[in-house]
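1. Turn this into a model:
(4 chains)
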Protein chains: 4
Amino acid sequence: MKVLAIYGSSRANGNTDHLTDLVVEGLPCTKIYLRDKRIEAIEDRRHTAEGFQPVDDDYDQVISEVLSHDILIFATPLYWYGMSGRMKDFVDRWSQSLRDKPNFKEEMSRKKGYVIIVGGDNPRVKALPLVQQFQYIFDFVSIDFGGYVIGSANRPGDIMGDDRALFEARKMKEEIVQLINQRK
Amino acid sequence: MKVLAIYGSSRANGNTDHLTDLVVEGLPCTKIYLRDKRIEAIEDRRHTAEGFQPVDDDYDQVISEVLSHDILIFATPLYWYGMSGRMKDFVDRWSQSLRDKPNFKEEMSRKKGYVIIVGGDNPRVKALPLVQQFQYIFDFVSIDFGGYVIGSANRPGDIMGDDRALFEARKMKEEIVQLINQRK
Amino acid sequence: MKVLAIYGSSRANGNTDHLTDLVVEGLPCTKIYLRDKRIEAIEDRRHTAEGFQPVDDDYDQVISEVLSHDILIFATPLYWYGMSGRMKDFVDRWSQSLRDKPNFKEEMSRKKGYVIIVGGDNPRVKALPLVQQFQYIFDFVSIDFGGYVIGSANRPGDIMGDDRALFEARKMKEEIVQLINQRK
Amino acid sequence: MKVLAIYGSSRANGNTDHLTDLVVEGLPCTKIYLRDKRIEAIEDRRHTAEGFQPVDDDYDQVISEVLSHDILIFATPLYWYGMSGRMKDFVDRWSQSLRDKPNFKEEMSRKKGYVIIVGGDNPRVKALPLVQQFQYIFDFVSIDFGGYVIGSANRPGDIMGDDRALFEARKMKEEIVQLINQRK
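-> Okay, the predicted model is just below:
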């Protein structure tokens, strides 16, 4: 069971990063910071004869990492009540993998997905559509949805005062540790 | 009452474009195709002393168009159960305008927003979280949510067979025409 | 293909009734008005040795009708952003049928479900959680979700001015007619 | 600050009751068990000349209790992905109070509301529409939404194994204690 954390925040050391670090601290975990990658928005070519064209960016490398891990943690600040644009651009490109990699869906179906969201405007209610969106995304490629944490934070460091989120992060960590131990 | 349609699809002449064209056909309407613009993902600098730095892309031009129109139509395909990454990158950048333009929120609060979504996987249920997300976005800047259309289409041209969406597009057009006539 | 319409409104000849009548008008259709039935709230006895006890009300008769029809239309006003209490009391009792009728789930899984909702406070946004709830209900017993209409109405008769809802009701009718003709 | 807990479960000593007891244990708190009350489903008479008629049941007593408390805890098992029918019947009757008690909305607007939900089928995702419904309900009468707990439990006693829910219940209790101390 290999763990991959995909950090969707545009800001280094922000609240979302901190909360995610608490979950994966001490675990063998690959970390990808989308802000350090260049991933172009998708150009939809599903319906063209020639199909998708190679894109000169970091998508292929990131999706390879996704495919070679078993547990995926999607960590994103709540930007405008959705995942960050960077993370959305990344997920949108899965459509390309769906067309170009025959086994993509099957490989994704063996993975477990977790979601970490940190927002500032009543996120425990206003992040709910995003949780539902992740449920639909995971369902589409049959990723098993392991759970989510919603943190509440506005200013840098605020997350350390959100006891609920810290507790839930510890629980998420426990569950991931258990998965790692069970299926080693 | 000036109308601006923001096309979020990455594909020219796709189903979302067609449905949106039906709404604005014959109306005085500015059209912006996000696929023809370069808009970088936001780099969150809300919490830094120096604030946001100038970005050399098309964001300023597009947001100027937004601010100089009264009725905004957000048209996006349902990519992975959310708005397209291009549109999300654009909306994320509003955080920069919020910090840098003192009147941003007040100017947005005088606008009316409409949403057009076209998806292929049971969108009349699975686009509902996106409708709720737009509601929260509009609420945050006090845009009045005028209504939405959800179209169902997979292959190019399919939208012309979705009678419900075509009818709703006509109704949306009627309402916009009425607004234009009332408040000329 | 036998059609059953379950009217959940407490008010005779209200907007929900009218919209539902438009859908089933001219079709062979059994109509059940929950306001004319006495259905007690469930007493949860799933976890007792003796199980559910017989209840002296109309539940058994109504659920028999449900089981002997193929297409189910759940028509409810939007009371406090959910289905009416009468309809909820009826659906809650399904838990009893799940325990007491071994084939309940299997029989339900062969049915198609439609939903009609009429509300007065921005129902096209605020009824969305109820649509999602019906999706979960139908999924649980594997009813195929055929579609929904959301109507907007406050005062008696208002629904006749909601062109969108009237159009959607006609489309729902067309689809049901097609089902009846196909699988006679 | 007087606390009222409204227990919506039909089963005594079930998981929802236990979780709610943890929140209010040791606090001055009035407890109402809807299963011990007789509350009829609403008969909608908003649009009749004579208006609502007196109903010979326990509604008036329960709503009086609501109005004489400051903090309201709505505790309900997740029955079919919504609140229990008993609780729904109770809430539906608020429409009667809205028409008959001129100050109803204003009095409700000074209250703080909390929600406790316990379900067995992936409630942390599938109870989200119910959370959104409570948000709309509270918004309508301007109750301030203090927070919610979602517990996961199937068999009697299961809730004691849901560490997340137990933690959140303790946090909810802390917040309520703080409110009581602040505004004594």
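2. Report the central residue of chain A.
-> Nearest to the mean C-alpha position of chain A, by Cα atoms, centre = their mean, lies A:Phe74 at 1.6 Å.
3. Quick check: phi and psi at that residue.
-> Dihedral angles of A:Phe74 (phi, psi; degrees, to the nearest 10) stand at phi -100, psi 110.
4. How about it: what's its closest non-neighbour residue?
-> With Cβ to Cβ, 6 or more residues apart in numbering or on different chains as the measure, A:Val115 is the residue that lies nearest to A:Phe74, at 5.1 Å, once sequence neighbours are left out. For every residue, glycine as well, the C-beta is placed using N, CA and C.
5. in which helix or strand would I find A:Phe52?
-> Applying DSSP states H and E as the criterion places A:Phe52 outside every helix and strand.
6. A:Val23 too?
-> For A:Val23, the element it lies in under DSSP H and E is helix A:15-24.
7. does the residue lying farthest from the centre of chain A sit in a helix, a strand or a coil?
-> The outermost residue of chain A, judged against the average C-alpha position, is A:Ala49 (31.5 Å), by Cα atoms, centre = their mean. Following DSSP: H, G, I helix; E, B strand; the rest coil, we place A:Ala49 in the coil state.
8. How about A:Asn181?
-> A:Asn181 falls in the helix class when you classify it by three-state DSSP.
9. average pLDDT across stretch A:35-49?
-> The predicted model gives stretch A:35-49 an average pLDDT of 91.
10. go on, stretch A:145-153?
-> 98.
11. does it come close to chain B?
-> No - counting by Cβ under 8 Å from any Cβ of the partner chain, no contacts exist between stretch A:145-153 and chain B, the nearest distance being 11.0 Å.
12. tell me which residues in stretch A:53-71 are buried?
-> Within stretch A:53-71, the residues that qualify as buried by neighbour count (16 or more other Cβ atoms under 10 Å in any protein chain shown) are A:55, A:58-60, A:62-63, A:65-67, A:69, A:71.
13. Extract the C-alpha set from it and format it as CSV.
-> Output in CSV follows, covering the C-alpha atoms of stretch A:53-71 (Å, rounded to 0.1, in the frame of the first residue of the first chain):
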residue,chain,number,x,y,z
GLN,A,53,-2.2,15.3,-28.9
PRO,A,54,0.9,15.1,-26.7
VAL,A,55,1.1,18.0,-24.3
ASP,A,56,4.5,19.2,-23.2
ASP,A,57,3.9,19.5,-19.5
ASP,A,58,4.1,17.5,-16.2
TYR,A,59,0.8,15.7,-16.5
ASP,A,60,2.2,12.4,-17.6
GLN,A,61,4.6,12.3,-14.8
VAL,A,62,2.0,13.1,-12.2
ILE,A,63,-0.6,10.6,-13.5
SER,A,64,2.2,8.0,-13.5
GLU,A,65,2.7,8.6,-9.8
VAL,A,66,-1.1,8.3,-9.3
LEU,A,67,-1.1,5.0,-11.1
SER,A,68,1.8,3.6,-9.1
HIS,A,69,0.3,4.3,-5.7
ASP,A,70,-2.6,2.7,-3.9
ILE,A,71,-3.9,5.3,-1.6
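14. what's in contact with it?
-> Applying Cβ atoms under 8 Å, 6 or more residues apart in numbering or on different chains, the external contacts of stretch A:53-71 come out as A:1-4, A:6, A:30, A:32, A:34, A:37-40, A:43, A:45, A:72, A:90, A:93-94, A:96-97, A:104, A:107-108, A:110-114, A:146, A:176, A:179-180, A:183.
15. mind redoing it with 7 Å?
-> The set of residues that contact stretch A:53-71 without belonging to it, under Cβ atoms under 7 Å, 6 or more residues apart in numbering or on different chains, is A:1-4, A:30, A:32, A:37-40, A:45, A:72, A:90, A:93, A:97, A:107, A:111-112, A:176, A:179.
16. got the contact list for A:Met34?
-> For the record, residue A:34 is Leu, not Met. A:Leu34 makes contact with A:6-8, A:86-87, A:90, according to Cβ under 7 Å, 6+ apart.
17. Just the ones in helices from these, please.
-> When those are checked against helices using DSSP state H, the ones located there are A:86-87, A:90.
18. got a winner among those for most neighbours?
-> A:Arg86 (28 neighbours; other Cβ atoms under 10 Å in any protein chain shown).
19. quick one: that one and chain B, what's the gap?
-> According to Cβ to the nearest Cβ, to the nearest Å, A:Arg86 stands 5 Å off from chain B.
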